[in-house]
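Student: Below is the sequence, then the predicted model.
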Amino acid sequence: MKKNYNYTRRKLYLPEYGRHIQEMIDSLMQIEDRHERNRQARAVIAVMGNLNPLLRDTADFTHKLWDHLFIMSDFQLDVDSPYPRPSREELTVSPRHMAYTQSRITYKHYGKYVERMIGSLTAVHDPRAVASTVDNLARYMRTKSYEYNQEHPNNEVIVRDIKRMSGGNIQIDEEALNNLRSDYKQPFSARPQKGPQPHRQSHGQQRQQKNRNQQAHRGFVKNNGAHRNSSK
């Protein structure tokens with residue numbers, strides 16, 4: 001007995017429809033009467049639509065079913081479709097290659113926009129605007145450097161980096177930048193205290209201590225009254 005396994009059969013064009021739908025489409029191409037072939041093709045479309053009944057009545061879904069019908073027939077089925085027939089060339093068009101930017105960032109911890117802003121200052125002729133922008137950029141650079149290195153850089157490092165990114169084309173007030181102070185607030189983190197730490201009692205030990213204190217004061221009356229076990 002010869003066994004018919006799926007791996008011995010030909011490959012399906014659209015496996016989600018199953019082999020039975022593929023065999024029905026193969027049988028359509030063997031019908032010589034065009035009128036009968038069109039009628040059977042509409043019946044196959046109805047069966048394909050039953051696989052997704054919620055989308056069966058939408059126009060786009062019906063168009064997709066007819067396209068799948070021609071794809072599963074390897075574009076050889078000759079029937080009258082209510083939609084334009086797809087071609088093999090339309091479905092095998094390779095996507096357009098996307099061009100990615102290959103710009104190199106000199107200082108990655110500052111970001112590319114800092115370098116672009118410093119480069120754009122060469123076209124600004126107002127010394128006050130340049131000085132104000134450089135001051136704000138220097139503060140921002142200190143902030144980003146702290147986030148990257150977890151420590152504030154020296155002001156000389158900020159001045160040197162601005163000079164390198166500008167190529168020496170802008171005037172920098174080095175004295176003002178050397179006196180720069182960062183407005184960046186470091187997040188508070190509790191540091192471990194040095195020296196021996198006091199022993200903290202667990203929840204169970206605290207409960208036992210509370211019970212002992214209650215037992216110690218159980219024999220006494222409020223308002224400093226006499227003891228119950230007194231002989232008076």
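Tutor: Sure, I can see it.

Student: okay, now the domains of this structure?
Tutor: Following automatic domain parsing, one gets these domains for the chain: 11-91, 112-178.

Student: Determine which of the ones you listed shows the lowest mean per-residue pLDDT.
Tutor: The minimum mean pLDDT among the domains of the chain belongs to domain 112-178 (a mean of 84).

Student: how far does that domain sit from the chain's center?
Tutor: In terms of C-alpha atoms, centre = their mean, to the nearest Å, the centre of domain 112-178 is found 32 Å from the chain centre.

Student: start to end distance for it?
Tutor: End-to-end span of domain 112-178 (C-alpha to C-alpha, to the nearest Å): 24 Å.

Student: cool, stretch 110-125 as well?
Tutor: Stretch 110-125 end-to-end distance (C-alpha to C-alpha) = 25 Å.

Student: Which secondary structure elements does whichever strand or helix holds residue 69 sit against?
Tutor: Per DSSP states H and E, residue 69 falls inside helix 59-72. If contacts are counted by 3 or more C-beta pairs under 8 Å, 6 or more residues apart in numbering; DSSP states H and E, helix 59-72 sits against helix 18-28, helix 34-50. All C-beta spots, glycine's among them, are computed from the backbone N, C-alpha and C.

Student: got the angle between that helix and helix 34-50?
Tutor: When axes from the mean of the first three to the mean of the last three C-alpha atoms, to 10 degrees is applied, the directions of helix 59-72 and helix 34-50 differ by 120 degrees.

Student: residues making contact with helix 59-72?
Tutor: When contacts are defined by C-beta atoms under 8 Å, 6 or more residues apart in numbering, helix 59-72 is touched by residues 12-14, 17, 21-22, 25, 41, 44-45, 48-49, 52, 55-56, 77, 79, 81-83, 85-86, 91.
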